[in-house]
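*Asks:* I would like the atomic coordinates for the input below:
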Amino acid sequence: MSDGGAKAEETVLRVAEIGGRGRSLVAAQSLRAGQVVLRESPLLLYSAFPFLSSASSPYCDHCFRLLSQSARKCQSCSLVSFCSPNCLASHTPWLCESLRRIHQSSSAAFADQPSERQVQARYLLSAYSLAAASPSDFQILLSLQGNGDPTDSAAANFLHSLLSAVCPPLPVQVSPELTAALLAKDKVNGFGLMEPFSVSNEKRSVRAYGIYPKTSFFNHDCLPNAYENEVMEEMEDEEEQEEMKDSEGEEEEEESSFPHAYFFARYMCDKENCFGTLAPLPPKTHDASRVLECNVCGSLKEDEVV
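*Replies:* Residues are numbered from 1 along each chain as shown. Next up is the predicted model:
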């Protein structure tokens, strides 16, 4: 996409304070169903698999696409693989050595911890690696919504102690407070990336988590529905000042008794084991688009309610 297109999309949204919910994106002008309103690459991505997972990940450890036979395994730690030289180049020496040391001590370190703690450790490693590679992006991460929750203090203290003791010198000055703040940012702003669609696999799980700074301002649910690069399209026409929602289910008054049932019937893909969301294709004329595309399997369906 050209830079001109990106700038044009940025002008259709603005950040506003929503009463009782904090900052959110609202329409800066009237929008049409199918219109692309935002394209965004993630600030960071990290694996959803615990360190002690019995099987090696079939995904590139940078972009999380499926690996091919030409995948490149890290020659230093032999713990992660990449789909291309560009993705391999993202694997910094600090992150490589940190992963190697944590794997060596993971059985004992995480023995009495829930598996979630291992995934949180992956996130913190990615965040600290981001701080070394791009301090400005790290500051963007810290500026996102989300404050430390006292109920998460035990997790923050454990992870801070573990990473401080096991990892090489960290690229930023860390503290239990910073660790807690980072965990809070992920908890509020993280998106899950589902495994690829397969008719034969009805138990797909999350392969990775990502932080998308602008997309996080959408009023969104916590279902795994993100991609390596997010493209947000309007599902229905929106008036200026309306709040942007990701996969929202609030419909007209006649559906108000069963808004979620109506949403699933109209916007959920009915292909076996897909469970994707249908959204209008970008309109080519001034008329609304009647063709819906599934964001998971790519199948098309004509919208009967336009």
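
*Asks:* how far away is Glu177 from Cys294?
*Replies:* According to Cβ to Cβ, to the nearest Å, Glu177 stands 43 Å off from Cys294. Where C-beta positions appear, they are placed from N, C-alpha and C, glycine not excepted.

*Asks:* So if I had to pick from those two, which one is more boxed in?
*Replies:* With neighbours defined as other Cβ atoms under 10 Å, Glu177 and Cys294 compare such that Cys294 has more, 21 against 12.

*Asks:* any idea how far the more buried one lies from Ser68?
*Replies:* Separation of Cys294 from Ser68 (Cβ to Cβ): 24 Å.

*Asks:* got the residue ranges for the strands in this structure?
*Replies:* Taking DSSP state E as the test, the strands found in the chain are 13-18, 22-27, 36-40, 44-47, 72-73, 81-82, 190-194, 206-211, 219-220, 230-233, 245-246, 278-280, 291-294, 300-302.

*Asks:* Tabulate the ones you listed (CSV), appending distance to Phe138 and mean pLDDT.
*Replies:* Below are the strands of the chain laid out as CSV (distance: least, Cβ to Cβ, whole Å; pLDDT from 0 to 100):
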stretch, distance to Phe138, mean pLDDT
strand 13-18, 20, 69
strand 22-27, 20, 67
strand 36-40, 17, 74
strand 44-47, 9, 94
strand 72-73, 27, 91
strand 81-82, 23, 95
strand 190-194, 16, 85
strand 206-211, 11, 91
strand 219-220, 23, 56
strand 230-233, 20, 49
strand 245-246, 25, 55
strand 278-280, 32, 78
strand 291-294, 35, 83
strand 300-302, 41, 83
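
*Asks:* and of these, who's closest to Phe158?
*Replies:* Among the strands of the chain, strand 44-47 comes nearest to Phe158, with 18.0 Å by Cβ to Cβ.

*Asks:* And the contacts of stretch 101-118?
*Replies:* Stretch 101-118 is contacted by residues 50-52, 77, 79, 121, 125, 155, 158-159, 162, 166-168 when judged by Cβ atoms under 8 Å, 6 or more residues apart in numbering.

*Asks:* What is the neighbour count of the closest residue to Ala16 other than its chain neighbours?
*Replies:* Excluding its sequence neighbours, the residue lying closest to Ala16 (Cβ to Cβ, 6 or more residues apart in numbering) is Val26, at 4.7 Å. Other residues within reach of Val26, judged by other Cβ under 10 Å, total 18.

*Asks:* For Val26, list each beta-bridge partner.
*Replies:* Arg14, Glu243 (DSSP bridges).

*Asks:* now do Lys73
*Replies:* Beta-bridge partners recorded for Lys73 (DSSP bridges): Ser81.

*Asks:* what's the spacing between it and Val36?
*Replies:* For Lys73 relative to Val36 (Cβ to Cβ), the value is 37 Å.

*Asks:* just Ser78 next, same as before
*Replies:* 41 Å.

*Asks:* what about this structure, any weak spots by pLDDT?
*Replies:* Regions of the chain meeting the criterion pLDDT under 70 cover residues 1-10, 13, 17-25, 28-35, 54, 199-202, 218-266, 283-289, 304-306.

*Asks:* Just give me the longest helix of it.
*Replies:* helix 115-133 (DSSP state H).

*Asks:* Compute the inter-axis angle for it and strand 190-194.
*Replies:* Relative orientation of helix 115-133 with respect to strand 190-194: 110 degrees, computed using axes from the mean of the first three to the mean of the last three Cα atoms, to 10 degrees.

*Asks:* And helix 115-133, what's buried?
*Replies:* 117-131 (16 or more other Cβ atoms under 10 Å).

*Asks:* Which segments of this structure make up each domain?
*Replies:* The record's domain split for the chain, according to automatic domain parsing, is 3-40+212-302, 45-188.

*Asks:* Can I get the strands of the chain in JSON lines including distance to Ile102?
*Replies:* Listed next are the strands of the chain as JSON lines, based on distance: least, Cβ to Cβ, whole Å:
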{"stretch": "strand 13-18", "distance to Ile102": "37"}
{"stretch": "strand 22-27", "distance to Ile102": "34"}
{"stretch": "strand 36-40", "distance to Ile102": "30"}
{"stretch": "strand 44-47", "distance to Ile102": "13"}
{"stretch": "strand 72-73", "distance to Ile102": "18"}
{"stretch": "strand 81-82", "distance to Ile102": "17"}
{"stretch": "strand 190-194", "distance to Ile102": "20"}
{"stretch": "strand 206-211", "distance to Ile102": "18"}
{"stretch": "strand 219-220", "distance to Ile102": "31"}
{"stretch": "strand 230-233", "distance to Ile102": "29"}
{"stretch": "strand 245-246", "distance to Ile102": "33"}
{"stretch": "strand 278-280", "distance to Ile102": "39"}
{"stretch": "strand 291-294", "distance to Ile102": "38"}
{"stretch": "strand 300-302", "distance to Ile102": "45"}
